[in-house]
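Asks: Compute the structure for the input listed below.
(one chain, ligands or ions: 1)
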Amino acid sequence: MQAGKDARGADGDQTAPDGANAPAGPSGELARPAGGIDWEYAPAPESRDIVTLAPEYGLFLNGEFVPAAGRELFATVNPATEEPLAQVAEAGAADVDRAVAAARTAYEQVWGPMAPAERAKYLYRIARVLQERSREFAVLESLDNGKPIKESRDVDVPLAAAHFFYHAGWADKLEYAGLGPSPRPVGVAGQVIPWNFPLLMAAWKLAPALAAGNTCVLKPAETTPLTALLLAQVCQEAGLPPGVVNVLTGAGETGAALVAHPGVDKVAFTGSTEVGKQIQRTLAGTGKRLTLELGGKAANVVFDDAPVEAAVEGIVNGIFFNQGHVCCAGSRLLVQESVADAVVDKLRGRLGTLRLGDPLDKNTDIGAINSRPQLDKISELAASGEAEGAERWSPPCRLPDRGYWFPPTVFTGVAQSHRIAREEIFGPVLSVLTFRTPEEAVTKANNTPYGLSAGIWTDKGSRILWLAQRLRAGVVWANTYNRFDPASPFGGYRESGFGREGGRHGLAAYLDA
Ligand code: NDP
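Replies: Residues are numbered from 1 along each chain as shown. Predicted coordinates for the structure are as follows:
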């Protein structure tokens, strides 16, 4: 692995915990492994000047930024440097009341009665402004979340804009969505989102809700509030009527108060299975609509006839994209025994070329872990993998000395019973298991309480169809991984939740048909 510079431009001294680190040369650079690359990328930092950070951010309530009623604030930090970025208002119960009341008024008086074609224009405007300000969004997302700029720039922001464009197109065609003759909005949507794709998850929640005629109260994650607040500015810039979108920043208690609020008609949640279950308990018997997009432990299944180079790229993308902070991450590699050694060898070689470091460097492949608690969780689960007898490997890798970092890690010799094969790690950690027959692959892939996603790598179309029919996963990719499109429904079942986001199916959650 090529060492990146940390976000302040200094080489750090944390090391990969497996002792596999290469010795550092006199100027701090890593010695190259034999046969490795003998050249180095020059730093290519994206300027952060495009982002203007305010020292303090208020809640976005009824079209305006206002302080929280209790004047409470919390800090949001850059996980790559631990540098505080801004103070953000912490919404309490009184603020949830205000936001839900604003959303109700906007629903009854403005957004609900508005002609659908007019609503569509606002969604188009939001999409266009998102595109115009895309570099600002990408830099801000990488600062607040720690993800590499090439991902926020090429994935998060374009997909967020695409969701608004796609749903703008639906706004005046809802009766043709196949959901009934005259579908009606549900009312006020309370939406709680996680920190792994802050802007994109906001777009996944807001765009279909607004297109269907609902108004929204959005609660971003505590560690990544900034792009949701910038999106609120975009709503202002697009002239969205006050109260149609409200953003309440805060911690878990804010989310809990929002989902429990009697004025909320529909709850949409993305996050951990544990909190999803709590929300389901809270909502039981209330008659509120609910969709849950929760955790995953996806199998990425590689057969002996798969094109190995492509499969290795798919494995890397499946688990190391966004530092593995992906609910549909291909965190379990199931590889056919006869090619397991060859695939793992190639994978190790490929991991040696990944660059970990400054998220704002355009060459960076692996950015920072989003928070200290998440780093602790990943470290604890990885330690359990070793303790339970799996073999741990990371490429030679030096981690920056400040911020939250974890090297890409591969475990071989993993048994089905190991925690690293069963629990969602939500980090750059791959567990490799093997299988001999397609039937065994099915059994092992389905041996999880989750059911969000899976991948298949094979040369045979018939095998793809055979396996896809047997995998209990909401999304199955074949000879690719982590592909997203606003027209394609996404969601899971079992402990991965229920309901779909995206496509015609995603609209159903926001309509009474
Ligand atoms: P959570 O599920 O706790 O957080 C998701 C969102 O829900 C955040 O906005 C959070 O607020 C909010 N929230 C927390 N508690 C409640 C509650 N009782 N009622 C309503 N909303 C609530 O995930 P974490 O960020 O704590 O991550 C914990 C673990 O969950 C991770 O290690 C990972 O394994 C998994 N996870 C999975 C995700 C997925 O998409 N599959 C996404 C995120 C996490 P706040 O941020 O302020 O706590």
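Asks: quick one: average pLDDT of stretch 92-105?
Replies: Across stretch 92-105, the average pLDDT comes to 98.
Asks: Please pull out the lowest mean pLDDT helix or strand from this protein.
Replies: strand 14-15 (a mean of 40; mean pLDDT, DSSP states H and E).
Asks: helices or strands up against the strand or helix carrying residue 227?
Replies: If you go by DSSP states H and E, residue 227 is part of helix 226-237. Applying 3 or more CB pairs under 8 Å, 6 or more residues apart in numbering; DSSP states H and E, one finds that helix 226-237 contacts strand 59-61, strand 83-89, helix 116-132, helix 134-145, helix 198-211, strand 245-247. Using the backbone N, CA and C atoms, a C-beta is placed for each residue, glycine as well.
Asks: May I see the buried residues of it?
Replies: 226, 227, 228, 229, 230, 231, 232, 234, 235 (16 or more other CB atoms under 10 Å).
Asks: and if you look at stretch 181-201?
Replies: Quick answer for stretch 181-201 (16+ other CB under 10 Å): 183, 185-201.
Asks: Next one: the closest residue to residue 408 other than its chain neighbours from the ligand, what distance?
Replies: In this structure, residue 408 finds its nearest non-sequential neighbour in residue 428, 4.7 Å apart by CB to CB, 6 or more residues apart in numbering. Distance of residue 428 to the ligand, given as CB to the nearest ligand atom, to the nearest Å: 13 Å.
Asks: Cross-check the contact I'm expecting between residue 428 and residue 366.
Replies: Yes. Proximity of residue 428 to residue 366 meets the contact threshold set by CB atoms under 8 Å, at 6.4 Å.
Asks: which residues are common contacts for those two?
Replies: Listed as contacting both residue 428 and residue 366 by CB atoms under 8 Å, 6 or more residues apart in numbering are 320, 323, 408.
Asks: filter those residues down to the ones close to the ligand.
Replies: Checking the shared contacts of residue 428 and residue 366 against the ligand by CB under 6 Å from any ligand atom, not one of them is in range.
Asks: Flag every residue of the stretch 101-250 of the chain that's near the ligand.
Replies: 192, 193, 194, 195, 196, 219, 221, 222.
Asks: pLDDT score assigned to the third one?
Replies: Meaning residue 194. 98.
Asks: Which per-residue confidence value corresponds to the closest residue to it other than its chain neighbours?
Replies: Spatially, and ignoring its direct neighbours in sequence, residue 194 is nearest to residue 271 (4.5 Å; CB to CB, 6+ apart). The model reports residue 271 with a pLDDT of 97.
Asks: what's the answer for residue 11, then?
Replies: Looking at residue 11, the pLDDT reads 34.
Asks: Make 42 the starting number, not 1.
Replies: Let's use 42 as the start, then, which means that last one is residue 52.
Asks: Strands of the stretch 242-391 of the chain, residue ranges please.
Replies: 256-260, 286-288, 307-311, 330-334, 340-343, 373-377 (DSSP state E, counting those that start in this stretch).
Asks: thinking again about what came up before, so can I have a markdown table of the buried residues of helix 267-278 showing pLDDT?
Replies: Listed next are the buried residues of helix 267-278 as a markdown table, based on pLDDT from 0 to 100:
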| residue | pLDDT |
| --- | --- |
| 267 | 98 |
| 268 | 98 |
| 269 | 98 |
| 270 | 98 |
| 271 | 98 |
| 272 | 98 |
| 273 | 98 |
| 275 | 98 |
| 276 | 98 |
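Asks: from these, which is closest to residue 146?
Replies: Nearest to residue 146 out of the buried residues of helix 267-278 is residue 276 (CB to CB; 16.2 Å).
Asks: show me the contacts for that closest one.
Replies: Residue 276 touches 101, 167, 285, 286, counting by CB under 8 Å, 6+ apart.
Asks: Which two among the residues you listed are spaced furthest apart?
Replies: Most distant of the contacts of residue 276, by CB to CB, are 101 and 167, 13.7 Å apart.
Asks: give me every residue that touches the closest residue to residue 197 other than its chain neighbours.
Replies: Once flanking residues are discounted, residue 197 sits nearest to residue 241: 4.8 Å by CB to CB, 6+ apart. Neighbouring residues of residue 241 by CB under 8 Å, 6+ apart: 196, 197, 200, 201, 204.
Asks: and what of residue 285?
Replies: With the criterion set at CB under 8 Å, 6+ apart, residue 285 makes contact with 144, 147, 151, 152, 163, 251, 256, 257, 276.
Asks: The fifth one - how many residues pack around it?
Replies: Yep, that's residue 163 we're talking about. 23 (other CB atoms under 10 Å).
Asks: pLDDT value on the residue nearest to it when sequence neighbours are not counted, please?
Replies: Excluding the flanking residues, the one nearest residue 163 by CB to CB, 6+ apart is residue 281, at 5.3 Å. Here the pLDDT value assigned to residue 281 is 98.
Asks: just residue 42 next, same as before
Replies: 55.
Asks: does the ligand sit close to stretch 370-385?
Replies: No. Stretch 370-385 is not in contact with the ligand by CB under 6 Å from any ligand atom; minimum separation 8.8 Å.
Asks: list the buried ones in that stretch?
Replies: 370, 371, 372, 373, 374, 375, 376, 377, 380, 381, 384, 385.
Asks: what's near enough to touch residue 503?
Replies: The contact partners of residue 503, by CB under 8 Å, 6+ apart, come to none.
Asks: and it, how far is that from residue 246?
Replies: The gap separating residue 503 from residue 246 is 38 Å, by CB to CB, to the nearest Å.
Asks: Could you do residue 492 as well?
Replies: With CB to CB as the criterion, residue 492 and residue 246 are 21 Å apart.
Asks: quick one: which of the two has more around it?
Replies: residue 246 (29 against 23).
Asks: Get me the contact residues on the stretch 342-491 of the chain for the ligand.
Replies: Going by CB under 6 Å from any ligand atom, the residues of the stretch 342-491 of the chain near the ligand are 368, 415, 418, 465, 467.
Asks: Next step: the residues you listed restricted to helices.
Replies: Judged by DSSP state H, those include 415, 418 as members of helices.
Asks: What is the nearest of the residues of the stretch 342-491 of the chain next to the ligand to residue 515?
Replies: Among these, and counting by CB to CB, the member closest to residue 515 is residue 368, at 10.5 Å.
Asks: Much appreciated, bye for now.
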